[in-house]
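Colleague: Give me the fold of what follows.
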Amino acid sequence: MLSGRLSAGWTTVCVVALLIVCGSDRESAAQTSTSKLDRLQQQRRTSTKKFHTELGKISAWCAERSLKDAAIAIRRWQVPVNQRTLQTTTLPATVQPVVSLDLPTDERHWQIQLRTHRQKHAHELYLLSRRALKDEPAFSWELIREVAYYDPDHEHARRLLGFERLQDDWLSPFEAFQRKRNQVWHDRFGWLPSTHVARYENGDRYSRGRWYSAERDAALHQDFRKAWEVNTDHYLVKTNVSLEQGVKLAVMLEGFHDYFRSAFPAFFNSPEQLTRAFAGTRKKKRNPYVVHFYRSQQEYVNRLKAKNPQIAITNGIYMPDERVAHFFSADGVDIQSTLYHEATHQVLYELYPVARRIADHEHFWIIEGFACYMESFRKTKDGITIGDPTYVRFDAAQYRLVEDNYYVPLATFAALGKRPFQTHRKIAMNYSQASGLTHFFLHYQNGQYRNALISHLSALYHPVGAGVRVFGLDQLTNTPATQLDEQYRAYMASLKLQRGVRPGPKPAAEAAE
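Modeller: Residues are numbered from 1 along each chain as shown. The predicted structure is shown next:
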């Protein structure tokens, strides 16, 4: 199992898992793949250049007629697409309205022309994505997101991105299913029949075919075997804390999953999955991530102690054998950080239905380091933040390296499998180092090593045959491990300088998982 997280506190294009092959064959395959990708990218550039030329004509036409605002609006579509920003940009939730017949003739003309050329360009990119699918699935998926940017109502792109059209709304398949059943989402109570909303807001609750008071309903659900169940797009949360707490937890998890999926799209779209999706055969039974949230720590311990004798020192745990993440409610417990840590383990492990052991013999540090990094995910009024250097995990990593000069060389660190890593006498300090190294590989020199890290992690989670080894990060970055050690030291020291502080006292919340 992937071990639980102790009581203290705690993006990217993913590529298909890499397996070790013979050196000469690997080099030949890489060269072939690169040449194919180069050709595909050139075709995209050609299509985009043609699109921009057509927009230039429309913009000039508007300028001739003193339609200054229109010309500015058109030129915005000539700005090159930022792929990283594109992955996290929210698509419109509703279908674009038709260009109004009531608009002045010139206004209507340029709007129709702009929309027509956007749709035409999107269609060309979609056809290119289909040609790229077999040899370059990651690039194919990148194109699909670009298609939806230029034409948010492109039916095939929307379906591939997980949307279904219901009247004039773009919804997830689960949300569309609920709407068709006359269910509505309530921010406190989750999905309810529309006819139940008023009574719920007045304090009544419906369970097992009868209406009860909220107090009686709470008593009926105290036994976890009769827990409330909160269903969302990707999660099934079972809890005996309260319905409202279950909904709150599910909403947090959905927000985290939305980010995870947009930041690491290829994790969720293997070549086989994409091929089925393009063929229109992607429909599948909903298989949500299951989360159990208990009223007390003791209930959590009683439920799990037979499988993990040390469960009492954890705040949460993901159990791969049963594919359930477990948490409990308690004052002073940082449920948010714990939630995101274990959710990371759960999402990555459940990418494949195959039971398997992860990083048993080497490279276990990145399994925990990446989960510690994802703990720093936060939603704020200004948007999403992740990787804040002041977060406790990274602060502890800076302290240990800069103040204590504690560091296990990468070659030695990477050689640790699961058991040696988790039984190490300095496990908490090694968790801090794993967190810091993950931050380094994701952010160093504007993400120079980001794709290498994600390739490495992908390979570790991908089901492989016995005896197959995964490339180390020194191989994937083509940088000697000793040089990576030096770069890491300089990077961590720079984080302190950027924050304008000197290494201070040991962070109080440093811990293992």
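Colleague: what's the next secondary structure element after the helix or strand hosting residue 340?
Modeller: If you go by DSSP states H and E, residue 340 is part of helix 335-349. Using DSSP H and E, the helix or strand that follows helix 335-349 in sequence is helix 364-374.
Colleague: Can you show me the strands along the stretch 351-500 of the chain?
Modeller: Remark: strands assigned in the stretch 351-500 of the chain by DSSP state E, counting those that start in this stretch are 378-380, 383-385.
Colleague: Which one, of those strands, ends up nearest to residue 274?
Modeller: strand 383-385 (26.0 Å; C-beta to C-beta). No exception for glycine: its C-beta is placed from N, CA and C like everyone else's.
Colleague: Residues touching that closest one, excluding its own?
Modeller: 88, 259, 376-378 (C-beta atoms under 8 Å, 6 or more residues apart in numbering).
Colleague: Just the angle for the helix holding residue 340 relative to helix 364-374, thanks.
Modeller: 130 degrees (axes from the mean of the first three to the mean of the last three C-alpha atoms, to 10 degrees).
Colleague: Determine how far stretch 352-372 lies from the middle of the whole chain.
Modeller: Put simply, stretch 352-372 sits 17 Å off its chain's centre (C-alpha atoms, centre = their mean, to the nearest Å).
Colleague: One more: stretch 432-443?
Modeller: Relative to where its chain is centred, stretch 432-443 has its mean C-alpha point 18 Å off (C-alpha atoms, centre = their mean).
Colleague: Could you do stretch 454-473 as well?
Modeller: 20 Å.
Colleague: Sketch out the strands for the stretch 101-250 of the chain, chain order is fine.
Modeller: So, for the stretch 101-250 of the chain - with DSSP E, counting those that start in this stretch - the strands run 164-166, 169-171, 183-186, 190-193, 204-207, 210-213, 228-231, 235-239.
Colleague: Can you list the strands that the first one pairs with?
Modeller: This points to strand 164-166. Within its sheet, strand 164-166 is paired with strand 169-171 (antiparallel), according to DSSP bridges.
Colleague: now do the longest one
Modeller: Strand pairing for strand 235-239, determined by DSSP bridges: strand 228-231 (antiparallel), strand 289-294 (parallel).
Colleague: got it, and the third one?
Modeller: Next to strand 183-186 in the sheet, as set by DSSP bridges, lie strand 190-193 (antiparallel).
Colleague: any idea which helix is longest in the protein?
Modeller: helix 23-64 (DSSP state H).
Colleague: ok so, going back, can you select the buried ones among the contacts of strand 383-385 for me in PyMOL?
Modeller: Typed into PyMOL, the next command selects the buried ones out of the contacts of strand 383-385 (criterion: 16 or more other C-beta atoms under 10 Å):
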select buried, resi 259+376+377+378
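Colleague: Spatially nearest residue to residue 439 (excluding sequence neighbours)?
Modeller: The spatial neighbour of residue 439 that comes closest, neighbours along the chain excluded (C-beta to C-beta, 6 or more residues apart in numbering), is residue 394 at 5.4 Å.
Colleague: and the gap between that neighbour and residue 200?
Modeller: Relative to residue 200, residue 394 is positioned 42 Å away (C-beta to C-beta, to the nearest Å).
Colleague: higher neighbour count, these two?
Modeller: residue 394 (25 against 17; other C-beta atoms under 10 Å).
Colleague: residue ranges with poor pLDDT in the stretch 151-300 of the chain?
Modeller: Scanning the stretch 151-300 of the chain for pLDDT under 70 picks out the ranges 266-273, 276-277, 279-284.
Colleague: Tell me which stretches of it form helices.
Modeller: Secondary structure of the stretch 151-300 of the chain (DSSP state H, counting those that start in this stretch): helices located at 155-160, 173-180, 197-201, 214-220, 243-263, 271-278, 297-304.
Colleague: Nearest to residue 133 among these would be which one?
Modeller: The nearest among the helices of the stretch 151-300 of the chain, by C-beta to C-beta, is helix 271-278 at 5.8 Å.
Colleague: Number of residues surrounding the closest residue in space to residue 65 that isn't next to it in sequence?
Modeller: Closest residue in space to residue 65, ignoring its immediate chain neighbours: residue 106 at 5.6 Å, by C-beta to C-beta, 6+ apart. Neighbour count for residue 106, taken as other C-beta under 10 Å: 14.
Colleague: Could you dump the strands of the stretch 101-250 of the chain into CSV and include distance to residue 406 and mean neighbour count?
Modeller: Output for these, formatted as CSV (distance: least, C-beta to C-beta, whole Å; neighbours: other C-beta atoms under 10 Å):
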stretch, distance to residue 406, mean neighbour count
strand 164-166, 52, 15
strand 169-171, 50, 18
strand 183-186, 48, 15
strand 190-193, 46, 18
strand 204-207, 53, 16
strand 210-213, 57, 12
strand 228-231, 43, 20
strand 235-239, 38, 23
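Colleague: about what we covered before: packing partners of whatever helix or strand comes next after the longest helix of the chain?
Modeller: Next helix or strand after helix 23-64 toward the C-terminus (DSSP H and E): helix 68-76. Under the contact definition 3 or more C-beta pairs under 8 Å, 6 or more residues apart in numbering; DSSP states H and E, helix 68-76 sits against helix 23-64, helix 105-132.
Colleague: Output those helices in JSON lines; the columns should cover distance to residue 354 and mean pLDDT.
Modeller: As requested, the helices and strands packed on helix 68-76 are exported to JSON lines (distance: least, C-beta to C-beta, whole Å; pLDDT from 0 to 100):
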{"stretch": "helix 23-64", "distance to residue 354": "25", "mean pLDDT": "82"}
{"stretch": "helix 105-132", "distance to residue 354": "27", "mean pLDDT": "96"}
